[in-house]
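**Student:** the following block contains a protein sequence and its predicted model.
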Amino acid sequence: MQPTASAPSAFSPAGLRGSPARRRREQIVKVVFLAAALVSILISVLIVWSLVGGAVGFLQNVVFAQLAENGWYPRRDEFGLLTLIVGSLLVTGIALVVAVPVGLLTAIYLAEYANSRARKIIKPVLEILAGVPSVVLGFFALTWISPVIVQRLNPSSSDFNLAAAGIGVGILTIPLIASISEDSMRAVPRSLREASYGLGARRITTSLRIVVPAALSGIVAAIILGVSRAIGETMVVAVASGGSGGAQFTADPFQPGQTITAAMASLATGTDQVVGSDAAFQSLFFLGLMLFVVTFALNQFGDYFVRRTRLQY
Amino acid sequence: MNVAVPAVGPTELRRSGTDWRGFAFHAILLLALLFSLLILFTLIGDLVSRGLPTLLERGPTFLTSPTSSQAARAGVSQGIFGTVLMAVFVALFAFPIGIMTAIYLEEYAPDNRLTRFINVNIRNLAGVPSVVYGLLGLSIFVIGLAPLTGGRTMIAGGITLAVLVLPIVIITSSEAIRAVPRALREAGYGVGASRWEVTRLLVLPAAAPGILTGTVLSLSRALGETAPLILAGAVLGGFSSGNKSVLEQIFGRYTVLPVTVFDWARKPQADFRELTAAAIVVLLAVTLLANAIAIILRSRTERTW
């Protein structure tokens, strides 16, 4: 700043404000960044708007009997929702049976047992596992998990089956559950562990009786968010559980079937020409809305538990 | 009278016998770890051992020929082209908007209801299943904005993917910016820099490695996505790109590597199984490479302030 005779002193409040051009630039930058931040709100509005619009159209076009059919065959106007809901529950349940024990034990190992060298190896492995595209895991579930694991357990199992898809989804969920529960176990204050060791407890006792209970909210959150992730997983099921075009109602995980998400994928592979107010096309949005509401509720619930851990310590 | 004073030393404090329970628990923990490792190695080993022979046998023609209904002639050139273009779209739309949002939230935003709402909203968007983004793409970018995007074109797909990874870019960039110590900013303000100058000259350079890691990770996520693009109009099956220029292809029909994988995985013919594995090897090379770069980048640049 050039001090001239007429200008106010550089050290007066007015002098420190800088040139008008500089202030205008500051304003412009701020407005541009705010606009960018508002894009995310616009996206949410558009998601809800398009889902609700399509779903309402669907409900106007079908009668209740169609929703209670004993199978999901949208091109024949049979929209047996229970088929998809049971399919989703089966796949999610199997996924949890795989992902919760492995994920939690991995988290305990990382938080309580591993030294920094072991962590440096294990964490990237988990991250790479999380980075495997789901369509690849679907192909692996179909061509390896199904023949090598599922059909060995149950020889009468079909090539395409919900069990293999569930195991595949579970594998994809392991890194998520492990990382959230590890974070919550690491948030447990050192003093608790030291008190436990001071009383003569061993590492297993400290891990299972002190750290795990103290980190329980975080572990619950990890499982809930894992459920949400598993329900939303699409391609593993679309590839490995068969049922392209539709699926008969089944509660047997060794049979082909469809989940809410896989039904959407298989419908979309045929939407090429079906753009309009066709009920099959609109059912996509109805399923999407169902999925959105369920995962949204689960995520809120999970976030609540994550916040609780943060408040505790 | 001599009272026997029990000797208390490290040896006496040890419990007698071996700690079988602790030993067993440790073994179980290692087994759980081994499970993840084994799965990853089996997956990569199985797919590579099946895909690599086809890949070697077909040689470069596999990478340069378009999809075909005949396994012997089918290749992944259109998939690779689509995937590269998707990366460009994500970099063009999601990165700038995401990083600007992160800067706004961390450096500019006052702590008011709007800011909190934006924050909550972004966290929610990050949890929306990817297939739902496909519906957004279908109804808004493919159908609603058809005059602009041309319907089921690469543009519609690219914007859908950009929207999908936007929350991830915002969250990782925010974390990187938040990790920059306050002292650095205060030093900047202390010498009379404005907010934008502090952000541009001090905060962003310090946060750059973290932001870069996050963007690369989100890119790898975007390139592996299949479901949203199936909904947002990627082509399953064959289509001809002919001698169209790049620009015509951007405004035309498209496919990406993961969609090619899905398309071939559905085919009942046995020879397509091997071909699918070969396409997966190419896809894994792209996404895992991006992942590995991000992980290495982070471990190289990780610093504690």
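**Tutor:** Nice, I can see it.
**Student:** quick check: residues of the stretch 201-305 of chain B near chain A?
**Tutor:** Within reach of chain A by CB under 8 Å from any CB of the partner chain, the stretch 201-305 of chain B has these residues: B:217, B:220-221, B:223-227, B:230-231, B:236, B:258, B:261-262, B:265-266, B:273, B:276-277, B:280, B:283-284, B:287-288, B:291-292, B:295, B:299. C-beta: built from backbone N, CA, C; applies to glycine.
**Student:** residue of the stretch 151-300 of chain B with the smallest distance to chain A?
**Tutor:** Per CB to the nearest CB, B:Gly224 is where the stretch 151-300 of chain B lies closest to chain A, at 3.1 Å.
**Student:** show me what contacts the spatially closest residue to that residue that is not a sequence neighbour?
**Tutor:** For B:Gly224, ignoring the flanking residues on the chain, the nearest one in space by CB to CB, 6 or more residues apart in numbering or on different chains is A:Pro133 at 3.1 Å. For A:Pro133, the residues meeting the contact criterion (CB atoms under 8 Å, 6 or more residues apart in numbering or on different chains) are A:Met235, B:Leu223, B:Gly224, B:Glu225, B:Thr226, B:Pro258, B:Val261, B:Leu283, B:Leu284, B:Thr287.
**Student:** scan chain B for its longest helix.
**Tutor:** Using DSSP state H to define each element, chain B has its longest helix at helix B:20-58.
**Student:** state the mean pLDDT of that one.
**Tutor:** The predicted model assigns helix B:20-58 a mean pLDDT of 90.
**Student:** how about that helix: buried residues?
**Tutor:** Within helix B:20-58, the residues that qualify as buried are B:25, B:29, B:32-33, B:35-36, B:39-40, B:43-44, B:46-48, B:50-51, B:54-55, B:58, counting by 16 or more other CB atoms under 10 Å in any protein chain shown.
**Student:** is A:Val227 part of a helix or strand, or is it coil?
**Tutor:** When the structure is reduced to helix, strand and coil (DSSP: H, G, I helix; E, B strand; the rest coil), A:Val227 reads as helix.
**Student:** thought it was touching A:Leu298?
**Tutor:** Yes. A:Val227 lies in contact with A:Leu298 (CB atoms under 8 Å); the separation is 5.8 Å.
**Student:** the two: which is more packed in?
**Tutor:** A:Val227 (23 against 19; other CB atoms under 10 Å in any protein chain shown).
**Student:** state the distance from the more buried one to B:Ala91.
**Tutor:** According to CB to CB, to the nearest Å, A:Val227 stands 33 Å off from B:Ala91.
**Student:** and A:Phe296, by the same measure?
**Tutor:** Computed as CB to CB, the A:Phe296 to B:Ala91 distance reads 29 Å.
**Student:** go on, B:Asp271?
**Tutor:** 36 Å.
**Student:** one step back: after the longest helix of chain B comes which helix or strand?
**Tutor:** Downstream of helix B:20-58, the first helix or strand assigned by DSSP states H and E is helix B:61-64.
**Student:** and that next one, average pLDDT?
**Tutor:** For helix B:61-64, the mean per-residue pLDDT is 81.
**Student:** contacts for that helix?
**Tutor:** Outside helix B:61-64, the residues that touch it by CB under 8 Å, 6+ apart are B:Thr54, B:Leu55, B:Gly75, B:Val76, B:Ser77, B:Ile80, B:Ala278, B:Val282.
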